[in-house]
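In: sequence and predicted structure below; questions after.
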Amino acid sequence: MNDSMQTYDLIATAKLGMESLVADEIRKLGYSEVQVKNGEVEFKGDARAIARCNLWLRTAERLFLKVAEFPCTTFDELYEQTLKVDWPKLIPENGFMHVDAKCVLSQILSRQSSQSIVKKAVVESMKRAYQKEWFEENGPEYNIHIEFYKDEARLLLDTSGAGLHKRGYRALAGEAPLRETMAAAMVILSNWKPGIPLFDPCCGSGTLPIEAAMIGAKIAPGHRRNFDSEKWPLVPPEVWATARKEAEDGIVKTPFLVEGSDIDLSILATAQDNAKKSGAQPFVHFVQRDLKDFVPSEDSGIVVCNPPYGERLLDQQESEKLIRTMGQVFIQKKRWTYHILSPHPQFEKIFGRKAFRNRKVYNGKIKCYLYSFS
C-alpha cells in the first residue's frame, strides 16, 4: 500500500465547548468514525486528511497523529513501549525531534524525565534501523507529545506546528485580540450565511469580520501559512499541492456584506491590514463608528461581537456601561439576531433582556458565555 493511502488515527484538539463544532467540520470534509471527547475529536484519515484538515479546520487548535496508546505506570514500561513503535517509518534519518510531556492523575508525574526517556527510546529505534550512533537532526521538524492520564500513556505527533488559530494574517493585533478559532466558532454558531448582512460593531483589529468573510468566501483558514507536516515524507509534496489547489479553486467570488466598526481609527488601520493579508479584503468593510451610533438600515441582519470584558481593556464599570449601551442599541427587531461573547456573570441583567440561548465557551483561559438574542 502507498504510504499516502495508509489510514491513521488522527486527533483534532479543541477548546472545551467547541468539540462538537470541530466534529462537524471533520464530517463535512468527508471523514467518518468520528469520536467526540473532552477537548478533542478522534477520527481516521490518510495523508490527504492530514493536509486537508490542517488547511480547513477553523475551530480546532491542533491536529495530531496518534502513534501509540498503552497502560503505563513506570519509566521502564514507558521506554519499552516507546521502543516498540516503528519510528523510522514515521521520522526520516535527519528528522529534528522535540519531545513534550503532560502528566495528569498518573503515577508518572515528571514531565522532564518522561521527555528524556521517550527521546532516548526514539533515538535507539532510529539507531537500530539506520545502523548509526549519531544523527544530525537538520531536517523536518517532529514534535512528539507523550501524555499520561490515569496511568494511560499516549504518544502523538503534532502535524500542525504552530497552533491552527495562527492563520498567518494577524501579525498586527489590538491590545486584547479575540482568538481566531473562537471568532470562527461564534460566526458558525450564529448560523450566518452569505446573503445575510453581518456586523461586528466592536471589531477591534478585525478578527471576527475577517473570519466571517473567510467562511462566506470559502477561504481555507490555513491557506496562507505552513505546517510542520508539509516537510514530512509521510505526507508527500503532491498531496499538499493537491490540497492547496483544492482550497484555492474553492474560493467563492460572489459578493456579500460583512462590516466591522470601531471607535478607534488606528485599530481599524490594523484591521484593514489584517484583512488584506488574509485574502478576505474584498468581502469585508470597516468603518469608524461609536457603538452608540450603530443603527443599520437593513431589514435583516446578524450582529456577532466580542466587546471589551474589563479584563484587559476598560475597567469593570466601563465594561458594564458598554453592555447597557448594547442593550439599548441592539433593539428587538424581526429577522435580526445578536450574538455576544462575555464573561460577565450578570450580562443578561445588565443588557436588559433574557437570551434565547447561551453557550459556555473558553476564550483563551477566560470562561465566557456566547449569548444569543433576537
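Out: Received, thanks.

In: can you name the residues that contact residue 255?
Out: 282-283 (CB atoms under 8 Å, 6 or more residues apart in numbering). In this view, the C-beta of every residue, glycine as well, is placed from N, C-alpha and C.

In: next one, pLDDT for it please.
Out: In this model, residue 255 is scored at 90, pLDDT.

In: give me the sheet partners of the helix or strand hosting residue 154 and which way each runs.
Out: Applying DSSP states H and E as the criterion places residue 154 in strand 152-158. Paired neighbours of strand 152-158 in the sheet (DSSP bridges): strand 62-71 (antiparallel), strand 141-149 (antiparallel).

In: can you list contacts of it?
Out: Under CB under 8 Å, 6+ apart, the answer for strand 152-158 is 11, 62-72, 78, 81-82, 85, 90, 106, 108, 118, 142-148, 228.

In: what separates it from the chain centre, distance-wise?
Out: Centroid separation for strand 152-158 versus its chain: 20 Å, with CA atoms, centre = their mean, to the nearest Å.

In: can you give me the helices in the stretch 151-300 of the chain?
Out: 180-189, 207-216, 237-249, 265-278 (DSSP state H, counting those that start in this stretch).

In: send me the strand holding residue 154 as PDB with only the CA atoms.
Out: Extracted in PDB, the C-alpha atoms of strand 152-158 (Å, rounded to 0.1, in the frame of the first residue of the first chain):
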ATOM      1  CA  GLU A 152      -2.700   5.500  30.400                       C
ATOM      2  CA  ALA A 153       0.000   6.900  28.100                       C
ATOM      3  CA  ARG A 154      -0.400   8.200  24.600                       C
ATOM      4  CA  LEU A 155       2.300   9.100  22.000                       C
ATOM      5  CA  LEU A 156       1.300  11.700  19.500                       C
ATOM      6  CA  LEU A 157       3.000  13.600  16.600                       C
ATOM      7  CA  ASP A 158       2.000  17.200  16.100                       C
END
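
In: ok, and for that strand, which residues are buried?
Out: Using 16 or more other CB atoms under 10 Å as the test for burial, strand 152-158 gives 153-158.

In: then stretch 43-53?
Out: Neighbour counts over stretch 43-53 (16+ other CB under 10 Å) mark 43, 45-53 as buried.

In: so which of those sit within strands?
Out: Assigned to strands by DSSP state E, the following of these qualify: 43, 45.

In: just send the buried residues of stretch 43-53 back as TSV, with distance to residue 268 and pLDDT too.
Out: Formatted as TSV, those follow (distance: CB to CB, whole Å; pLDDT from 0 to 100):
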residue	distance to residue 268	pLDDT
43	40	98
45	40	97
46	43	97
47	42	97
48	40	98
49	39	98
50	37	98
51	35	98
52	34	98
53	33	98
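
In: between the helices of the stretch 151-300 of the chain, which gets nearest to residue 366?
Out: Proximity to residue 366 (CB to CB) singles out helix 180-189 among these, at 10.1 Å.

In: who are the packing partners of that closest one?
Out: Judged by 3 or more CB pairs under 8 Å, 6 or more residues apart in numbering; DSSP states H and E, helix 180-189 is in contact with helix 19-28, helix 207-216, strand 336-342, strand 357-363, strand 366-373.

In: closest one to residue 331 among the strands paired with strand 152-158?
Out: strand 62-71 (40.9 Å).

In: could you list the buried residues of the helix or strand following the closest one?
Out: Along the chain past strand 62-71, the next helix or strand (assigned with DSSP H and E) turns out to be helix 75-83. Burial within helix 75-83, assessed by neighbour count using 16+ other CB under 10 Å, is assigned to 77-79, 81-82.

In: likewise stretch 328-336?
Out: Buried-residue list, stretch 328-336, by 16+ other CB under 10 Å: 329-330, 336.

In: got a list of what residue 12 touches?
Out: For residue 12, the contact set (CB under 8 Å, 6+ apart) comprises 22, 26, 40-41, 43, 53, 57, 60-64.

In: will you turn those residues into a markdown table that also has distance to residue 95?
Out: Shown next, in a markdown table, are the contacts of residue 12 (distance: CB to CB, whole Å):
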| residue | distance to residue 95 |
| --- | --- |
| 22 | 28 |
| 26 | 27 |
| 40 | 25 |
| 41 | 27 |
| 43 | 25 |
| 53 | 22 |
| 57 | 25 |
| 60 | 24 |
| 61 | 23 |
| 62 | 19 |
| 63 | 18 |
| 64 | 17 |
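
In: rewinding a little: of the helices of the stretch 151-300 of the chain, flag the one that's most buried.
Out: Each of these was scored by mean neighbour count; the highest is helix 207-216, a mean of 28, by mean count of other CB atoms under 10 Å.

In: who touches it?
Out: 58, 169-170, 173, 177-180, 183-184, 186-188, 192-194, 198, 200, 203, 219, 221, 252, 256, 258-260, 271, 274-275, 278-280, 283-284, 286, 304-306.

In: where in the stretch 251-374 of the chain is pLDDT low?
Out: Applying pLDDT under 70 to the stretch 251-374 of the chain picks out residues 310-314.

In: quick one on the thing from earlier: and the contacts of residue 12, which is closest to residue 315?
Out: residue 61 (30.8 Å).

In: quick revisit: separate out the buried members of the contacts of strand 152-158.
Out: Of the contacts of strand 152-158, these count as buried by 16+ other CB under 10 Å: 11, 62-65, 67, 72, 78, 81-82, 85, 90, 106, 108, 118, 142-148, 228.

In: distance of residue 374 relative to residue 339?
Out: 10 Å (CB to CB, to the nearest Å).
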